[in-house]
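K.L.:
no FASTA, just this:
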């Protein structure tokens, strides 16, 4: 029996591509494992999947700023490398697939020490710190943006496009309306989401603007864990901490999207041709990858970018009016993108690399 081990974590974005690939390998009869952290979001997500063995290792966060934990974390990473090495040595996978995030670095190095081939997937326009550290140990690097492959060199890089979960393509707008209680006739629907943990700044401005927003739109607001506001009872407003199973139906139902600019999410919106307002994380909040992702999408005419430092009730309403008035232009621009079956491309690359 062929065997594959997946890794990636620290955020939902570092698990999404793995979730798309895992069912294909289980269906093909591969033994499937996952190496992640002990308490990370990846453990919570992967534990719900049958037939996947989960192995936890010590992890240290890769920070770009001064913090006392930076003294301790290198020792955690070294311990994680030793643990990953032992797990991979014991399990003897044919290949390791890494989606990135700080938990993936020890796993990639552990696989390399065991002479097991590694494929890395990079979703963002520029590689994150974890993937930068891991790339020298990889056999193949898959990229979502064509510019990424060009900047890294084409020896090991393959531009594959966005990897989409098959389940997302099965969304049904009517099921979305039943779930939310919204109607098809009348107001268009906006989906607002601030990432897996939500975004307080976006939540606040949306709620401050709610009375004006709901004059013309129905709002589905994914506000993040612990950020529901029970005092809001507007009939055209639905708020949820997080949506998983129903997300494909919500995407099928909505007309516009307001979101952060994480690569996995924005390419899903692009696939469904949803005009979007992107509010990327600032450089103070991140390494700047979302700023680059959002700028690339705006250059191609897929979205409007509203920077967080300019976010207010007035600017939010102004930008919503812009995408609403120019909806057909955005859809036409998105329709010009030549679709790629990235899921099948990556799957076949894994099979080919494992067989070498």
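P.N.:
Received it, and whenever you're ready, just let me know what you need. Just so you know, these numbers come straight off a predicted model, no measurement behind them.
K.L.:
contacts for stretch 341-354?
P.N.:
By Cβ atoms under 8 Å, 6 or more residues apart in numbering, the residues outside stretch 341-354 that reach it are 2, 4, 17, 20-21, 24-25, 94-95, 97, 117, 119, 121, 139-140, 142, 144, 158, 160-164, 166. Using the backbone N, CA and C atoms, a C-beta is placed for each residue, glycine as well.
K.L.:
let's see which of those end up in strands.
P.N.:
4, 95, 97, 119, 121, 140, 142, 158 (DSSP state E).
K.L.:
using CSV, lay out those together with neighbour count, distance to residue 218 and pLDDT.
P.N.:
Formatted as CSV, these follow (neighbours: other Cβ atoms under 10 Å; distance: Cβ to Cβ, whole Å; pLDDT from 0 to 100):
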residue, neighbour count, distance to residue 218, pLDDT
4, 24, 42, 98
95, 25, 45, 98
97, 32, 39, 98
119, 24, 42, 97
121, 26, 35, 94
140, 19, 44, 95
142, 27, 37, 94
158, 16, 41, 91
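K.L.:
among those, which two are most distant?
P.N.:
4 and 158 (17.7 Å; Cβ to Cβ).
K.L.:
mind listing what's buried in the helix or strand of the chain with the lowest mean pLDDT?
P.N.:
Lowest mean confidence among the helices and strands of the chain (mean pLDDT, DSSP states H and E): helix 146-152, at a mean of 77. Buried residues in helix 146-152, counted by 16 or more other Cβ atoms under 10 Å: 148-149, 152.
K.L.:
ok, stretch 284-297 next?
P.N.:
286, 288-297.
K.L.:
let me see the ranges of the strands in the stretch 201-350 of the chain.
P.N.:
Here the stretch 201-350 of the chain has its strands, by DSSP state E, counting those that start in this stretch, at 218-222, 237-240, 256-259, 276-278, 303-305.
K.L.:
the last one: how far from the chain's middle?
P.N.:
So that's strand 303-305. Relative to its parent chain, strand 303-305 has a centroid offset of 18 Å by Cα atoms, centre = their mean, to the nearest Å.
K.L.:
for it, give the mean pLDDT please.
P.N.:
The average pLDDT for strand 303-305 rounds to 98.
K.L.:
residues making contact with the helix or strand harbouring residue 109?
P.N.:
Counting by DSSP states H and E, the element that carries residue 109 is helix 104-113. Here helix 104-113 makes contact (Cβ under 8 Å, 6+ apart) with 5, 7-9, 14, 35, 57-59, 62, 77, 80-88, 93, 96, 98, 117-118, 120, 130-131, 133-134, 137-138.
K.L.:
how does it look with 7 Å?
P.N.:
Here helix 104-113 makes contact (Cβ atoms under 7 Å, 6 or more residues apart in numbering) with 7-8, 35, 57, 77, 80-81, 84-85, 88, 96, 98, 118, 130, 133-134, 137-138.
K.L.:
out of these, which sit inside helices?
P.N.:
Of the contacts of helix 104-113, the ones assigned to helices by DSSP state H are 77, 80-81, 84-85, 88, 130, 133-134.
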